[in-house]
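[1] Fold the stuff below for me.
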Amino acid sequence: MVKDHGPSIKNDEQYEALRNDGMSKSKAAAIANSEGASERGGSSPPYEEWTKDELYERAQELEIDGRSTMDKGELIEALRNG
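    As a prediction, the model looks like this:
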């Protein structure tokens, strides 16, 4: 049974799965609260099809350090490796 984490978490099930995989609370919350997180469910296009600006915004949501100096390939790698 999925625990209700209150109004601060939009997708409790995704948040718990990410936390169980060892992700930090803040990073799991950022992902679980991202726009469309519950609806998207893996239907997002691969990162290679994203613009650099879209990749940067996603890296910003996930609080990835050093994102401002990364090129598109580095952003993709950072997003995939969390």
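[2] quick one: what helix or strand has the residue sitting nearest the centre point of the chain in it?
    In the chain, the residue lying closest to the centroid (C-alpha atoms, centre = their mean) is residue 31, at 3.7 Å. Assigned by DSSP states H and E, residue 31 belongs to helix 25-32.
[3] Same question for residue 18.
    helix 12-20.
[4] pLDDT of that helix, averaged?
    Mean pLDDT, helix 12-20: 83.
[5] got the CA coordinates for that helix in PDB?
    These are the backbone C-alpha positions of helix 12-20, laid out as PDB (Å, rounded to 0.1, in the frame of the first residue of the first chain):
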ATOM      1  CA  ASP A  12       3.200   9.200  -4.000                       C
ATOM      2  CA  GLU A  13       3.700   5.900  -5.800                       C
ATOM      3  CA  GLN A  14       6.500   7.300  -8.000                       C
ATOM      4  CA  TYR A  15       8.100   9.100  -5.000                       C
ATOM      5  CA  GLU A  16       8.200   5.800  -3.000                       C
ATOM      6  CA  ALA A  17       9.600   3.900  -5.900                       C
ATOM      7  CA  LEU A  18      12.400   6.400  -6.300                       C
ATOM      8  CA  ARG A  19      13.200   6.500  -2.600                       C
ATOM      9  CA  ASN A  20      13.300   2.700  -2.500                       C
END
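[6] Much appreciated, bye for now.
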